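Peer 1: Provided below for reference: sequence and predicted model.
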Number of protein chains: 2
Amino acid sequence: MTKIPEHHPSPDLEGLIGYNLKRAYVTVSDDFRRALKHDNLSPRLFSALALVKAHPGLSQSALARQLGIERSGIVAMIDELEGRGYVIRKPVPQDRRRQALQLTPAGEEAYKIALGKVQAHEARLLGGLDAGQRDALISILQKIRYQKT
Amino acid sequence: MTKIPEHHPSPDLEGLIGYNLKRAYVTVSDDFRRALKHDNLSPRLFSALALVKAHPGLSQSALARQLGIERSGIVAMIDELEGRGYVIRKPVPQDRRRQALQLTPAGEEAYKIALGKVQAHEARLLGGLDAGQRDALISILQKIRYQKT
DNA sequence: TATTGTTATACTCTATAACTATA
DNA sequence: TATAGTTATAGAGTATAACAATA
């Protein structure tokens, strides 16, 4: 006997942006993790590297604001990246409260490799979208993100 | 002295679908929670109600598959919804391993009210999108979700 | 007074592994 | 053998609240 595929969504849910956003993110995130399993980089650690790379000297508080999370959550992330030798906390003489974050050469290299894998993962996973759809998607998502609520 | 707004994203990150999906989902999810705070319904409990509503008699395992999570995670969710009197677990005589889930009248009513609030929240939050953008977004997100990886 | 980094603590969501009862 | 529900347990990713050092 052939198995009947279970497929019974809720029309209410399927019509909601929030539900579809969440499910799509889980799909992309799972594939991201598989793609960077060997590098042992989660999406959030990768994002932290990307921001420190783009803004050498960034403080931990500024990184937290940029990622949209509390600064207390940054500590363990930077501990981890520093432990791997990817990032250093550099004292700032002009403001002794701060730690200026920057990538080490090993961090630069690890980021470069990871970025290639991330872009390959997205190209593979989102290969079904044409360039127009991809740009439209990013533009709409940014409109949502940057919206004042 | 005027404060300079901090705005230093990473070009790499801003170009990634995954990063934008995540950030957009957090925005929508936070607003959802604010909108349904009074009803004490999280996105996942709301989704569970929606699926039981759409498919009365659904088993817990089928609900888990539908939500894309493990069945062990469903137990506490249904405990909670049952405790509030929104859902009942009904024994199935033909298969005594199963519990058929269904909404109580109170659950139907709570869901109806919640659905209205959720739709209002999305209309408000996504008011900047025209109907075409909204449909395009849902269609692209579903394409990602339903993709075989 | 306000901000930075930090710690302690707790909560939400989810996974894994094992068990039992049924099929 | 396989599936349904369940429990115990653990992990990731957050938040809140407090504190010391510094601005």
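Peer 2: That came through fine. Source: prediction; values computed, not measured. Numbers count the residues shown, from 1 in each chain, chains lettered A, B, ... in the order given.

Peer 1: Please count neighbours and contacts with C-alpha atoms only from this point.
Peer 2: Fine.

Peer 1: what residues does chain A put near DNA strand D?
Peer 2: Applying Cα under 7 Å from any atom of the strand, one finds that chain A approaches DNA strand D through A:42-44, A:68-70, A:72-73, A:93-97.

Peer 1: So what touches stretch A:56-75?
Peer 2: Residues outside stretch A:56-75 that contact it (Cα atoms under 8 Å, 6 or more residues apart in numbering or on different chains) are A:47-48, A:51-52, A:98-103, B:7-9.

Peer 1: so where is chain A shaky, pLDDT-wise?
Peer 2: By pLDDT under 70, the weakly predicted segments of chain A are A:1-7, A:148-149.

Peer 1: Which residues of it lie near DNA strand C?
Peer 2: By Cα under 7 Å from any atom of the strand, the residues of chain A that approach DNA strand C are A:59-62, A:71-75, A:97-100.

Peer 1: rewinding a little: are any of the residues of chain A next to DNA strand D buried, and which?
Peer 2: A:42-43 (16 or more other Cα atoms under 10 Å in any protein chain shown).

Peer 1: okay if I get the residues of chain A next to DNA strand D as JSON lines plus secondary structure?
Peer 2: Shown next, in JSON lines, are the residues of chain A next to DNA strand D (DSSP: H, G, I helix; E, B strand; the rest coil):
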{"residue": "A:42", "secondary structure": "coil"}
{"residue": "A:43", "secondary structure": "helix"}
{"residue": "A:44", "secondary structure": "helix"}
{"residue": "A:68", "secondary structure": "coil"}
{"residue": "A:69", "secondary structure": "coil"}
{"residue": "A:70", "secondary structure": "coil"}
{"residue": "A:72", "secondary structure": "helix"}
{"residue": "A:73", "secondary structure": "helix"}
{"residue": "A:93", "secondary structure": "coil"}
{"residue": "A:94", "secondary structure": "coil"}
{"residue": "A:95", "secondary structure": "coil"}
{"residue": "A:96", "secondary structure": "coil"}
{"residue": "A:97", "secondary structure": "coil"}
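
Peer 1: and of the residues of chain A next to DNA strand D, the nearest to residue A:115?
Peer 2: Minimum distance to residue A:115 across the residues of chain A next to DNA strand D is 11.1 Å, recorded for residue A:43 (Cα to Cα).

Peer 1: So for whatever helix or strand residue A:132 lives in, what gets flagged as buried?
Peer 2: Per DSSP states H and E, residue A:132 falls inside helix A:131-145. For helix A:131-145, the neighbour count (16+ other Cα under 10 Å) marks A:134, A:136-145 as buried.

Peer 1: sec struct for residue A:100, please.
Peer 2: strand.

Peer 1: What is the burial count for it?
Peer 2: By the measure other Cα atoms under 10 Å in any protein chain shown, the count of residues near residue A:100 is 18.

Peer 1: Let me know whether it touches residue A:91 as I believe.
Peer 2: Yes. Counting by Cα atoms under 8 Å, residue A:91 is a contact partner of residue A:100 at 6.2 Å.

Peer 1: Hmm, residue A:86 and residue A:106 touching each other?
Peer 2: Yes. The criterion here is Cα under 8 Å, and residue A:106 meets it with residue A:86 at 5.6 Å.

Peer 1: Restricting to C-alpha, output the strand or helix carrying residue A:80 in CSV.
Peer 2: Element membership of residue A:80 [criterion: DSSP H and E] is helix A:72-83. Extracted C-alpha coordinates of helix A:72-83, given in CSV (Å, rounded to 0.1, in the frame of the first residue of the first chain):
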residue,chain,number,x,y,z
SER,A,72,25.3,40.7,28.3
GLY,A,73,24.8,38.2,25.6
ILE,A,74,27.9,39.3,23.7
VAL,A,75,30.3,38.4,26.5
ALA,A,76,30.2,34.6,26.0
MET,A,77,30.2,35.0,22.2
ILE,A,78,33.4,37.0,22.3
ASP,A,79,34.9,34.7,24.9
GLU,A,80,34.4,31.9,22.4
LEU,A,81,35.8,33.8,19.4
GLU,A,82,38.7,35.0,21.5
GLY,A,83,39.3,31.5,22.7
